[in-house]
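# Task: produce atomic coordinates for the following.
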Amino acid sequence: MKYKFTGKTKEHYGTTLNQIVCVTAFGNIKEGEIGGWIEREGNLSQEGNCWVRDDSVVMNNAVVSDNAWVSGNSWIFDNSLVDSNSVVINSKVRSSVVRSSVVSTSVVRNLVVDNSVVSGNSVVSGNSVVRGE
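Below you'll find the predicted structure:
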């Protein structure tokens, strides 16, 4: 087990979220480091170096796995999958797949929605909207 719930919760659009804390050091995450917010254990894999940090949220049926990182004020939700070596920073991902890619912005949030797939070393940045069919 690499993380557990801190016992601290918050409401996000009617969903109760649990803050996480690292219990076994991995990658560059130290034991005791406070992470972001997930709805349930299934949202963040206990395997690999994946992590949710800062004020980021992973909820509903969304999953972060492998070596993926979610940080800033990101919101990963509905049936999304963020995996491989992806990095999502200050962005929203809804019902989409982000694989081996970077989705990042420092000014206005990116939005990846509606069955989109961002993969293969892609970079989505600035003020972008990626929409599937």
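
# Is the closest residue to residue 20 other than its chain neighbours within a helix or a strand, and which one?
With sequence-adjacent residues excluded and distances taken as Cβ to Cβ, 6 or more residues apart in numbering, residue 20 is closest to residue 35, at 4.0 Å. To be clear about C-beta, it is placed using only N, CA and C from the backbone, and glycine gets the same treatment. Secondary structure assignment for residue 35, by DSSP states H and E: strand 34-38.

# The helix or strand that that strand is followed by packs against which elements?
Using DSSP H and E, the helix or strand that directly follows strand 34-38 along the chain is strand 51-52. Judged by 3 or more Cβ pairs under 8 Å, 6 or more residues apart in numbering; DSSP states H and E, the packing partners of strand 51-52 are strand 34-38, strand 69-71.

# Hmm, the residue nearest to residue 20 is touching residue 23, no?
No. With contact defined as Cβ atoms under 8 Å, residue 35 does not reach residue 23; the gap is 10.8 Å.

# Would you mind telling me which of these two has the busier surroundings?
Between residue 35 and residue 23, counting by other Cβ atoms under 10 Å, residue 35 is the more crowded of the two (20 against 12).
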